[in-house]
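Asks: here is a sequence with its predicted model. Questions after.
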2 protein chains.
Amino acid sequence: MAHMREKKHPKMEEIEITDIMYGLSDPARVEIVRLIAQAGKPLTCGELNCDRPKSSMSHHFKILRDTGIIETSIEGKEHLNSLRSTEIEKKFPGILKSILKNIL
Amino acid sequence: MAHMREKKHPKMEEIEITDIMYGLSDPARVEIVRLIAQAGKPLTCGELNCDRPKSSMSHHFKILRDTGIIETSIEGKEHLNSLRSTEIEKKFPGILKSILKNIL
DNA sequence: TCCATATTTCGAATATAGTCGAACTATCGA
DNA sequence: TCGATAGTTCGACTATATTCGAAATATGGA
């Protein structure tokens, strides 16, 4: 049957600062963000290897997507996750930068 | 009987960045922080007048205290709430400043 | 087509949070 | 001492989050 080819992401206009804060209020999610930022390139779930079950990780990725923090592009069977740095910087200047400085 | 004269606040060393994020993940709490920052001086609960019951507000003040964001000093029958700006700046440089810029 | 890989979705359990009325505590002033 | 004022605590309810196994979906390669 038909399926979703791309993940949907909220528009940055729909994101409130409380969403960003909520997205980063869990250590597992901060760790994901840290690893992506550190890598300097999009990472797949598999490359992250926080030791938690896949379904838990998937849950946290979904929240990071829903809160506007990451975007996920599907390349074959892998999902590449990257930070929405530029858009976040435009909407909430300085916030993500200062957070990254504090978690790297 | 004996009573607590001062509120207790966590030491900033005990505060994680996820605590700060959690503290600011609720609109009511961001509003409280915004009003205190805007006033430029400590505010009592009463001066805030977000229209919610006292018990709800008290709950949010407690979370802001527990997450290291505000401190409350008791002056007579009033409780004066202020941001722990200097300490937060020392522990998490740039974070609070960038958040305040975005909510004021 | 069949299998391995990568990840999501479902579902159920447990845990944490938010809301708010009512009762409580502390302080001040009459 | 009584009453008003400022805020907290309690308790119950509802709502949202987190965890994770199992089943499902999609892709690519043999």
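Replies: It's in. Residues are numbered from 1 along each chain as shown, chains lettered A, B, ... in the order given.
Asks: doesn't A:His59 make contact with A:Asp26?
Replies: No. Contact criterion C-beta atoms under 8 Å: A:Asp26 and A:His59 do not qualify, at 10.0 Å. All C-beta spots, glycine's among them, are computed from the backbone N, C-alpha and C.
Asks: how about A:Ile15: what's its closest non-neighbour residue?
Replies: Distances taken as C-beta to C-beta, 6 or more residues apart in numbering or on different chains place A:Gly68 nearest to A:Ile15, at 3.7 Å, with adjacent residues excluded.
Asks: and for A:Ser56?
Replies: Distance criterion C-beta to C-beta, 6+ apart; nearest residue to A:Ser56, sequence neighbours excluded, is A:Ala28 at 7.5 Å.
Asks: burial measure for that neighbour, as a count.
Replies: Neighbourhood size, A:Ala28 [other C-beta atoms under 10 Å in any protein chain shown]: 17.
Asks: do the worst-scoring helix or strand of chain A on mean pLDDT and DNA strand D meet?
Replies: In chain A, no helix or strand scores lower on mean pLDDT, DSSP states H and E than helix A:45-48, which sits at a mean of 90. No. Helix A:45-48 is not in contact with DNA strand D by C-beta under 7 Å from any atom of the strand; minimum separation 12.2 Å.
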